Structures are given as structure tokens and as C-alpha cells.
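1. missing the sequence, but the structure's below:
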């Protein structure tokens with residue numbers, strides 16, 4: 001009988017393994033098909049841009065602003081200016097393509113990995129293509145970006161319907177390059193560095209034959225910020241380690257706030273940042289090697305680095321990771337990064353260091369006895385760095401309400417802070433977080449350089465809460481206690497040491513999944529006549545004492561993917577007619593007359609009743625400018641004579 005049972009178990013294991021393998025193959029094949037469709041669409045976009053390039057002109061206002069912006073930031077040649085204008089026009093035409101073809105967007109968004117695979121590192125090394133990953137790039141055309149857009153490491157980025165991109169294989173000018181050693185065009189070493197006499201491999205030596213490169217190494221026209229993201233239906237390990245290699249331009253005249261940067265982030269399922277680090281191009285940081293190209297330019301590079309994101313606080317929950325690299329704010333100096341082995345490697349010594357606070361859910365600490373709270377965790381210094389200071393801040397709604405300047409216990413890898421409940425104030429109310437900041441110093445050729453490694457919370461939700469503080473009973477009635485499902489946490493999370501009796505209504509705002517409304521009590525939660533959870537709301541009730549562990553427990557949790565954000569797109573283009581365009585119109589000063597697919601040699605301006613007020617003969621040209629500032633306000637007729645003798649007319653509004 002035992003042998004039979006063993007045989008059944010073995011067969012069950014084989015069946016499960018085969019089933020997972022089949023699911024994986026189905027998923028990878030589906031993603032390959034999606035990516036293939038996206039590549040076909042990229043060809044359509046190229047054709048669209050080629051077909052429409054002569055049909056559209058950048059608005060004169062944008063062109064003038066671009067020129068003025070570059071003059072303020074850079075020295076540039078006329079050829080570089082024309083390239084910048086052409087690049088900005090390509091960006092606008094790409095936006096126009098997706099506005100006219102909204103159905104084409106779907107092929108750019110990665111589908112979720114089946115939940116049964118959990119966080120198994122399927123394709124973490126890109127050896128099976130880019131299945132599971134979403135890519136997008138914000139090509140902020142100058143000067144539309146400017147300082148209002150560029151916030152250095154805090155610069156936002158959101159996947160939208162028109163900024164999605166798909167990788168191109170071994171195309172070193174691509175926004176996202178899929179590097180494949182076995183495909184044509186592969187380069188063993190980074191081409192920019194190789195041109196400067198330095199060989200840095202494009203593939204990690206301990207990895208496979210493929211990786212991803214974000215951003216190209218060009219400049220002018222747009223400050224590109226490119227991102228790759230991946231969603232996990234269930235985080236089942238405490239860290240996500242990965243390898244990366246940076247190559248960045250650095251202009252001495254630029255201040256640090258506008259230099260290129262590389263940012264790595266981990267998010268929880270509600271888009272809260274769990275862990276992050278950011279590296280700004282800085283020659284004083286001995287993470288970088290420096291090539292002095294000339295007195296106006298330096299190129300910085302790192303070689304391959306092993307780094308870590310701590311995700312222990314979202315174990316057994318959904319989450320995602322995101323990597324972003326950006327050019328400098330004025331756009332002429334690039335930032336690019338090679339990435340490989342995402343969650344497919346383990347850093348023995350994370351080069352940038354790591355810090356993680358042990359999970360803590362503390363409900364109503366002992367204010368009467370002032371019983372100390374131990375806030376502990378682990379850390380690893382950055383390579384060749386030594387710990388300088390470590391502090392703990394108690395924060396509420398982002399405001400620091402108390403600070404401890406040194407741990408009570410400290411070893412080479414662990415720390416503990418002793419926190420007295422009195423530090424939360426005389427009558428604390430609401431939620432509080434612990435934030436640990438560790439400063440490390442490392443001796444660089446330029447002098448001491450300081451790294452800061454932080455963790456701003458010990459877990460999802462508050463680290464310490466003073467809400468209700470475990471009263472014995474609670475009665476909820478309608479309408480006084482009706483709750484919107486998207487209400488503030490204190491309103492929708494209830495716990496008691498004895499019971500909760502509910503006769504209220506739970507409603508929903510916009511059907512977005514939040515933590516859900518949660519009631520739990522030690523003995524029972526009773527739903528009485530009058531209680532109602534309306535369609536679309538999320539509600540859970542279960543017996544549990546005062547643990548401050550508010551877990552929304554839906555009947556089933558399905559995987560989701562990053563959905564594109566619909567944003568209002570402004571396309572800064574003017575469609576050229578078959579005759580000519582007047583830019584701008586209306587105008588109070590200078591106008592530009594632009595003819596499409598033809599040349600002209602004469603322009604005249606008449607009043608609405610035919611009186612000639614201005615005329616101009618020119619060499620055969622496609623465009624010319626006229627000053628209308630001296631005209632009285634009103635409507636005028638612009639007459640253009642083409643080189644083949646045809647006459648074209650348009651109205652001009654002078655204001």
C-alpha cells in the first residue's frame with residue numbers, strides 16, 4: 001500500500017511539473033508573438049514617419065523655443081541644430097501615429113506571468129527574449145522638458161499609451177537595445193567607450209549571451225528617460241539582486257542636479273516605493289571611472305556591478321521592479337545602462353550596500369509604562385566603504401517628529417535602536433513610520449565620497465499605530481458609519497479585542513483595488529441587518545485579535561499588469577496643405593510662409609478688398625519670412641506664386 005501511495009505522489013509531482021512547464025512555454029510563446037507584433041508595428045511607424053515627414057512642420061513656437069533653449073545650455077553647430085529639430089519632429093510624429101492608431105498599443109504591454117509561477121525568475125537573464133518586461137521612454141523634446149520636467153532622481157515617469165517602445169536587436173542607436181551575442185550587429189564592447197580606447201563588455205561575464213541596454217548614446221533634441229519594468233504576482237524572496245553597467249556623459253559646467261542619472265526601484269501592489277537607489281553622473285564618486293575627453297566633456301563608466309533591492313516587507317504580496325536611466329536635462333549629454341540577471345543572481349557583497357528594517361507592526365505601544373520598543377535590522381556597507389553615522393527618524397505623514405542619532409546596538413551587519421513610546425508625543429494619534437539612514441564614506445581619488453543607504457518603513461502599512469488602541473467592542477450603524485472603500489485608513493480598518501457588530505454600508509469610489517475595508521475582532525465580527533457591501537467594493541471580516549495586521553483577504557487574487565495611463569497628448573505639429581502654410585496664424589509680428597512639395601518666387605499681401613499692402617520677390621524657395629508688425633489689425637490675403645506660375649491664397653489674421 002505504501003508503494004502505491006508513493007507512486008501516486010510521484011506521478012502527481014510529475015504532472016505538476018509538466019503542467020508548470022507547459023504554462024511557461026505557453027507564456028513565453030505568447031510573449032514572443034506579442035513582441036513580434038510590436039516589431040512589425042515599429043516598421044509601420046517608420047513608414048508613417050517617412051510618409052508624413054514632408055506633410056508636417058514643427059510649430060514655429062516650439063522650434064524657436066528649442067533654438068533658444070539650446071543657446072542657453074550648449075554650444076552647437078547648425079548641423080546639430082537641424083538634427084535636434086528632426087529628432088523633435090520624429091517624437092511628435094510617433095505620438096501622432098498612436099493617436100491615429102490606438103489599437104496598436106496593446107502589443108507593447110507585457111502580459112503577466114501566470115500566478116502559479118509566483119516569483120520564479122522566468123527570463124530574469126533575458127535569454128528567452130524580453131518576455132515579461134514592459135519598456136517605455138519619455139523623449140521630452142527640448143525645450144518642453146526644461147527644469148519643470150527634470151527633477152533629477154525624483155523625475156517621474158509613467159507608462160502611457162504613446163511612450164511605449166519595443167527593443168531592437170543590436171541597434172546601438174535604439175531607445176531600448178536587446179543585445180544578442182548570436183545576432184548580426186553584436187558588439188563585444190560598448191562602442192562609445194571603445195572609441196575612446198577603453199573596452200567594457202556589453203555582456204556580463206557571469207551571465208548568458210543576452211541583456212538589455214536602455215537609452216542610446218546620442219544627444220540634442222530630447223532629454224530621453226527610458227524605463228523597464230516587471231510585475232511579480234507574488235514576491236517570495238527578501239531581495240531582488242541584479243547586474244548593471246553604466247556609461248554616462250558628464251559636462252563640467254553642469255551642476256549635479258541636471259546630470260544624467262540611473263534609478264532602481266521596487267514598488268508594492270499599490271505603487272508605494274518599497275526600496276530604491278539612484279546614481280547621478282559624478283566624477284567624484286569613485287564608483288565611476290573617468291575619461292577626460294576635453295575640457296567640456298567627461299565620460300564616466302562603471303563596468304558591471306552587482307546591486308540589490310530589499311523587498312522583504314512585501315513578502316507573499318504582489319510587487320514590481322522598475323529601472324530608469326536619463327540623459328542630462330539640456331539633452332546633449334547621454335545616460336545609458338546595461339542590465340542583466342534581474343532576480344537571477346545573488347550579490348555576495350552588493351556594491352552599493354543594503355539596509356533593511358525587520359518587520360514591525362506595533363499597535364498602541366505602552367505609553368503608561370513607557371516600555372521600550374526595539375527597532376532592529378541588517379545592513380551591508382557599500383564596497384570599500386565604512387559606516388559613518390546611522391540615525392532613526394520617526395515620521396508621521398512625511399514629517400519627522402523624533403530622531404535617535406545612534407543605534408543602541410551595532411555590529412558589522414546588524415543594528416538595533418531603542419525607541420521609547422514617549423517619543424511619539426503626549427497624546428499620539430494616527431500612523432507612524434520608522435526611517436533608518438546610514439551614511440558611509442569611501443576614500444576616492446577626489447577625496448571622501450559619502451553614500452547614503454536608507455529604508456523608510458519596516459513593512460507595508462504603518463510601523464506603529466495609535467488608532468482605537470484595541471478597545472473591546474464596536475457597533476457600526478448606517479448612515480453615520482457608512483464607509484467609502486477608498487476612504488482613509490483609520491476609517492476603513494477596524495479591530496477590537498472582543499467583538500464588532502456592523503449594520504453599515506461599504507461603498508466604492510472608482511473600483512480601484514485598495515487594501516479593502518477590513519474588520520477583525522478576537523471573538524467575532526457580526527454582520528447585522530442593514531449591513532451591505534455594494535457591488536465593486538472590497539470587504540473582508542475575520543476573527544483575529546488586536547494585531548494591527550490589517551490584511552485584505554479577497555476570495556481570489558489574480559495577477560495584474562501595469563496598465564497604460566491615458567494622458568492628454570499635445571502634438572506640436574502643423575499639417576502642411578498642398579499649397580502653403582502661414583506660421584503662426586494669427587500673428588502680430590514675424591510670419592513664416594512654408595510651401596509643401598513645391599517652390600515659390602513671389603509673395604504679395606492684400607487687404608480683404610484687394611488693396612496691395614506688401615509684396616516680395618524671392619529666389620526660388622520653399623519658405624520665407626515677412627514682418628507684419630506694421631500692419632493694422634485685421635484680415636489680410638497672402639498670395640503666393642509658385643515657380644510654375646500657379647497662384648495660391650490664404651487668409652492671415654493680424655492681431
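-> Good, I have the coordinates. Predicted model, so just to flag it, every value in this text is computed and none were measured.
2. beta partners of the closest residue in space to residue 89 that isn't next to it in sequence?
-> Leaving aside its chain neighbours, residue 89 sits nearest to residue 58 (5.3 Å; criterion: CB to CB, 6 or more residues apart in numbering). Placement of C-beta: from N, CA and C, glycine included. For residue 58, the beta-bridge partners under DSSP bridges are residue 573.
3. which helix or strand contains the nearest residue to residue 196 once chain neighbours are set aside?
-> The shortest distance from residue 196 to any non-neighbouring residue, by CB to CB, 6+ apart, is to residue 291 (5.1 Å). In this structure, residue 291 sits in strand 289-294 according to DSSP states H and E.
4. residues making contact with that strand?
-> 193, 196, 198, 250, 283, 298, 299, 300, 301, 302, 303 (CB atoms under 8 Å, 6 or more residues apart in numbering).
5. tally of neighbours for the fourth one?
-> Same thing as residue 250. Applying other CB atoms under 10 Å, we find 23 residues neighbouring residue 250.
6. next one: the third one
-> Burial of residue 198 is recorded as 16 neighbouring residues (other CB under 10 Å).
7. pLDDT wise, what is it at?
-> In this model, residue 198 is scored at 96, pLDDT.
8. quickly list what the residue lying closest to it once chain neighbours are set aside is bridged to.
-> The spatially closest residue to residue 198, leaving aside those adjacent along the chain, is residue 291, at 6.3 Å (CB to CB, 6+ apart). Here residue 291 sits in beta bridges with residue 299, as judged by DSSP bridges.
9. cool, and residue 226?
-> On the basis of DSSP bridges, residue 226 is bridged to residue 137, residue 325.
10. could I get the contacting residues of it?
-> Contacts here follow CB under 8 Å, 6+ apart; on that basis residue 226 touches 135, 136, 137, 138, 165, 175, 176, 214, 215, 324, 325, 326.
11. repeat that with 6 Å
-> 137, 175, 214, 215, 325 (CB atoms under 6 Å, 6 or more residues apart in numbering).
12. and for residue 491?
-> Taking CB under 6 Å, 6+ apart, we find residue 491 in contact with residue 483.
13. check residue 644 and give its pLDDT.
-> According to the prediction, residue 644 has pLDDT 77.
14. and for residue 574?
-> 67.
15. any idea how far the strand holding residue 291 is from the chain center?
-> Between the centre of strand 289-294 and the centre of its chain there are 29 Å (CA atoms, centre = their mean, to the nearest Å).
16. mind listing the strands for the stretch 1-150 of the chain?
-> With DSSP state E, counting those that start in this stretch as the criterion, the stretch 1-150 of the chain has strands at 56-58, 133-141.
17. can you tell me what sits against the longest one?
-> Looking back up the chat, that one is strand 133-141. Residues outside strand 133-141 that contact it (CB under 6 Å, 6+ apart) are 88, 91, 109-110, 149, 157, 159, 163-165, 175-176, 222-230, 562.
18. endpoints of stretch 595-602, how far apart?
-> By CA to CA, to the nearest Å, the extent of stretch 595-602 from end to end equals 12 Å.
19. buried residues in it?
-> Buried residues in stretch 595-602, counted by 16 or more other CB atoms under 10 Å: 595, 596, 598, 600, 601.
20. which of the strands of the stretch 1-150 of the chain sits most buried?
-> By mean neighbour count, with neighbours taken as mean count of other CB atoms under 10 Å, strand 133-141 ranks first of those at a mean of 23.
21. residue ranges for the strands of the stretch 151-300 of the chain, please.
-> Using DSSP E, counting those that start in this stretch, strands in the stretch 151-300 of the chain cover 168-169, 176-180, 210-214, 222-232, 239-250, 261-268, 273-280, 289-294, 297-310.
22. need the pLDDT of residue 436.
-> Predicted confidence (pLDDT) for residue 436: 95.
23. tell me which element it falls in.
-> Per DSSP H and E, residue 436 falls inside strand 430-444.
24. list the helices and strands that strand packs on?
-> With contacts taken as 3 or more CB pairs under 6 Å, 6 or more residues apart in numbering; DSSP states H and E, strand 430-444 sits against strand 386-396, strand 447-455.
25. tell me the average confidence for the helix or strand that the shortest one is followed by?
-> It stands for strand 447-455. As assigned by DSSP H and E, the chain's next helix or strand after strand 447-455 is strand 464-466. Strand 464-466 shows a mean pLDDT of 87 in the predicted model.
26. partners of strand 464-466 in the sheet?
-> With DSSP bridges as the test, strand 464-466 is paired with strand 362-363 (parallel), strand 430-444 (antiparallel).
27. for the stretch 1-150 of the chain, just list every one of the helices.
-> Assigned by DSSP state H, counting those that start in this stretch, the stretch 1-150 of the chain shows helices spanning 2-52, 60-73, 78-100, 146-149.
28. leaving out the residues flanking it, which one is nearest to residue 466?
-> Of all residues beyond its chain neighbours, the one nearest residue 466 is residue 428 (4.4 Å), with distances taken as CB to CB, 6+ apart.
29. residue ranges in the stretch 451-600 of the chain under the pLDDT threshold?
-> Within the stretch 451-600 of the chain, the segments meeting pLDDT under 70 span 468, 509-515, 548, 552-570, 574-578.
30. and the residue nearest the centre of the chain?
-> The residue lying closest to the centre of the chain (CA atoms, centre = their mean) is residue 157, at 4.1 Å.
31. so that residue touches residue 227, yeah?
-> Yes - using CB atoms under 6 Å, residue 157 makes contact with residue 227 at a distance of 5.2 Å.
32. what touches both of the two?
-> Taking CB under 6 Å, 6+ apart as the contact criterion, the common neighbours of residue 157 and residue 227 are residue 324.
33. before we move on, the earlier item: just the buried ones from the contacts of strand 289-294?
-> Buried residues within these, counting neighbours by 16+ other CB under 10 Å: 193, 198, 250, 283, 298, 299, 300, 301, 302, 303.
34. now the residues you listed as JSON lines including distance to residue 642?
-> Converted to JSON lines, the buried ones among the contacts of strand 289-294 look like this (distance: CB to CB, whole Å):
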{"residue": "193", "distance to residue 642": "51"}
{"residue": "198", "distance to residue 642": "55"}
{"residue": "250", "distance to residue 642": "50"}
{"residue": "283", "distance to residue 642": "56"}
{"residue": "298", "distance to residue 642": "52"}
{"residue": "299", "distance to residue 642": "50"}
{"residue": "300", "distance to residue 642": "53"}
{"residue": "301", "distance to residue 642": "54"}
{"residue": "302", "distance to residue 642": "57"}
{"residue": "303", "distance to residue 642": "59"}
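35. now, among the residues you listed, which is nearest to residue 366?
-> Distance to residue 366 across the buried ones among the contacts of strand 289-294 (CB to CB) is lowest for residue 302, with 48.4 Å.
36. is it true that that closest one touches residue 248?
-> No - applying CB under 6 Å as the test, residue 302 and residue 248 come out as separate, 8.8 Å apart.
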